[in-house]
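Undergrad: Build me a model from this:
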Amino acid sequence: AGPVAPGGTCVLVGTYVVQASDLGTTIVNTGTGDSDQTGPVTDPENVDVPSPSLSISKIVNSVTNPDGSNGGSSVDQAGDVIAYTITATNTGTANLTDVTVEDDLTGDSANCALVLAAVNNGDEAGTCVLTTSYTATQTDMDDNGANPALNGFIDNTATADSVQTDPPVDDSAQVPVVQLPAHTLVKTFDPDPVGVGEFGTFTLVYTNTGNVTLSDIVITDTVQALLAVESLDDDGGAANCSDDDGNVQTVFCEVDSLAPGEFVTITVEFLTLPLNDVLVPDIGQTSGANYVFYFENGYLLYGSTGDG
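TA: Predicted coordinates:
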């Protein structure tokens with residue numbers, strides 16, 4: 001450098017590119033001045049480098065039944081609503097911009113243009129919050145879970161990111177799926193009594209009373225020999241009914257599937273037969289004796305061994 005007159009200056013302008021290793025540290029830069037006539041003098045300058053950092057937390061707030069009542073901590077029917085709160089927090093010392101929070105299961109997202117660091121926000125870390133909900137489907141119940149299926153939970157993962165942070169951060173929340181398969185079969189006779197040689201009907205009503213879809217359903221009924229099966233009504237084809245190995249006294253019906261609450265009704269028409277030694281073992285009863293036959297469900301059959 002050239003001479004500097006009394007009161008004059010010699011100025012150096014320099015730049016330094018902040019490195020990743022500098023984040024969260026203090027850069028100390030010391031300048032030194034010297035001349036032929038003087039000894040050296042120094043002046044340090046310290047620059048604090050903020051450190052960007054982002055965290056995420058996902059919590060389940062509640063599970064609500066379809067009727068609005070409290071569903072507890074698990075999903076046990078289609079229509080249950082899971083409410084979530086997802087919070088992305090600035091845990092560093094640098095302000096974060098364009099912070100995004102995304103929920104993979106619902107597809108919902110939130111964007112915050114600026115999330116302040118605690119040092120710039122009265123010692124309170126800034127946040128970006130997404131509230132969302134997911135409604136459980138019948139497929140979730142049948143598959144024993146979602147995201148992925150068959151794991152026993154509805155698993156939901158959220159991610160957060162910003163311009164200053166990489167890679168994205170994520171957090172998951174799991175809600176158990178409770179499968180409760182159940183069914184009923186109710187057999188009901190027409191309430192009117194039927195005499196020998198007369199026709200009567202009874203119904204078989206099969207109902208899915210559980211919370212999962214039932215499949216490959218088989219309904220059988222070996223009908224009392226006194227009631228000769230004449231015809232079957234398979235509920236408009238909902239149940240595929242036939243005899244079993246040519247034995248028309250055995251009602252055999254197959255149903256592909258029934259969702260919770262669904263049912264199928266099978267109507268059987270029969271002809272009442274007279275008692276004989278084949279249908280009822282000989283107990284020493286004389287021919288022509290009158291009889292009344294009571295079924296467990298209250299159905300009444302009457303006639304005479306001399307009929308027919």
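Undergrad: Check the offset of stretch 40-49 from the chain's centre.
TA: Computed by C-alpha atoms, centre = their mean, to the nearest Å, the chain-centroid distance of stretch 40-49 equals 60 Å.
Undergrad: Just the C-alphas of it, formatted as PDB.
TA: C-alpha atoms of stretch 40-49 as PDB (Å, rounded to 0.1, in the frame of the first residue of the first chain):
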ATOM      1  CA  PRO A  40       1.000  -3.300  14.600                       C
ATOM      2  CA  VAL A  41      -2.500  -2.600  15.900                       C
ATOM      3  CA  THR A  42      -5.500  -5.000  15.900                       C
ATOM      4  CA  ASP A  43      -9.300  -4.900  16.100                       C
ATOM      5  CA  PRO A  44     -11.500  -8.000  16.400                       C
ATOM      6  CA  GLU A  45     -15.100  -8.300  15.200                       C
ATOM      7  CA  ASN A  46     -17.300 -11.100  16.400                       C
ATOM      8  CA  VAL A  47     -20.400 -12.200  14.400                       C
ATOM      9  CA  ASP A  48     -22.900 -14.700  15.900                       C
ATOM     10  CA  VAL A  49     -24.200 -17.100  13.200                       C
END
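Undergrad: contacting residues around that stretch?
TA: 18, 22-34 (C-beta atoms under 8 Å, 6 or more residues apart in numbering). C-beta: built from backbone N, CA, C; applies to glycine.
Undergrad: which sections of the stretch 51-200 of the chain are below the confidence cut-off?
TA: Scanning the stretch 51-200 of the chain for pLDDT under 70 picks out nothing.
Undergrad: Helices of that one, residue ranges please.
TA: For the stretch 51-200 of the chain, helices defined by DSSP state H, counting those that start in this stretch occupy the ranges 138-142.
Undergrad: Show me where it has its strands.
TA: Under the criterion DSSP state E, counting those that start in this stretch, strands of the stretch 51-200 of the chain are mapped to 54-64, 81-90, 96-103, 109-115, 127-135, 153-161, 169-176, 183-189, 194-195, 199-208.
Undergrad: With only the CA atoms kept, save the third one in CSV.
TA: The C-alpha atoms that make up strand 96-103 are tabulated as CSV, following Å, rounded to 0.1, in the frame of the first residue of the first chain:
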residue,chain,number,x,y,z
LEU,A,96,-37.4,-19.9,9.3
THR,A,97,-39.3,-19.0,6.1
ASP,A,98,-41.8,-20.9,4.0
VAL,A,99,-42.4,-23.5,6.7
THR,A,100,-44.7,-26.3,5.4
VAL,A,101,-46.6,-28.9,7.4
GLU,A,102,-48.1,-31.8,5.5
ASP,A,103,-50.3,-34.8,6.6
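Undergrad: List the buried residues of stretch 92-110.
TA: Of the residues in stretch 92-110, 92-96, 99-103, 105-106, 108, 110 count as buried by neighbour count, 16 or more other C-beta atoms under 10 Å.
Undergrad: how far does it sit from the chain's center?
TA: 24 Å.
Undergrad: want to throw the buried residues of stretch 92-110 into a markdown table with distance to residue 157?
TA: Listed next are these as a markdown table, based on distance: C-beta to C-beta, whole Å:
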| residue | distance to residue 157 |
| --- | --- |
| 92 | 23 |
| 93 | 28 |
| 94 | 26 |
| 95 | 26 |
| 96 | 21 |
| 99 | 18 |
| 100 | 15 |
| 101 | 12 |
| 102 | 10 |
| 103 | 8 |
| 105 | 8 |
| 106 | 11 |
| 108 | 13 |
| 110 | 16 |
